[in-house]
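# dropping a prediction and its sequence here:
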Amino acid sequence: MLKGKARLIHTSSGSALRFGKQFDIHDLQLEKEYRPERAYGNAKLATLLFMRELDRRYRSQGLVSVAFHSGIVGTNFACDTTYLMRHVHHGPLKRFFTISPEKGAEQLIWLATAKPIQDF
């Protein structure tokens, strides 16, 4: 990745900030108190921390690591859960809360193709 001056793009979520606030380094598996939204938030927070550290360590060598939040995209996300997110993503109000996959991909496409990305 360093030789090719790779561009790493991580999909993030506002949930990292909302639900990752109670991140407990001593309970990564959430054995004390599992909640789907907390697990999702922790995973997204961990991704952000990983992305930021990659960027800190390797940006000067040409490897760029960035994250983006596409918004609430109307896909099959959360279709198998019983949690509240399922109703937002798949209920009758879906059209008020979600954007199209094409709209959600716009920022990803820009990040993947923008030149020079080193200035981010």
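Cool, the structure landed.

# where's the nearest residue to residue 58 once chain neighbours are set aside, which helix or strand?
Leaving aside its chain neighbours, residue 58 sits nearest to residue 2 (6.6 Å; criterion: CB to CB, 6 or more residues apart in numbering). From N, CA and C alone the C-beta is placed, and that goes for glycine too. When elements are assigned from DSSP states H and E, residue 2 belongs to no helix and no strand.

# just give me the neighbour total for residue 2.
By other CB atoms under 10 Å, the residues close to residue 2 number 9.

# give the contact list for it.
58, 61-63 (CB atoms under 8 Å, 6 or more residues apart in numbering).

# next SSE after the worst-scoring helix or strand of the chain on mean pLDDT?
Across the helices and strands of the chain, the lowest-confidence element by mean pLDDT, DSSP states H and E is helix 85-90, at a mean of 65. Using DSSP H and E, the helix or strand that follows helix 85-90 in sequence is helix 94-97.

# elements contacting that following helix?
helix 85-90 (3 or more CB pairs under 8 Å, 6 or more residues apart in numbering; DSSP states H and E).

# change it to 7 Å
With contacts defined as 3 or more CB pairs under 7 Å, 6 or more residues apart in numbering; DSSP states H and E, there are no secondary structure elements packing on helix 94-97.

# before we move on, back to that, just the contacts of residue 2: which are in helices?
residue 58 (DSSP state H).

# give me the element residue 54 is part of.
Counting by DSSP H and E, residue 54 is part of helix 36-58.

# what about residue 35, neighbour count?
13.

# quick one: contacts of stretch 58-68?
Residues from elsewhere that reach stretch 58-68, judged by CB atoms under 7 Å, 6 or more residues apart in numbering: 1-2, 5-12, 48, 51, 54-55, 107-108, 111, 117-118, 120.

# good, we can wrap up now.
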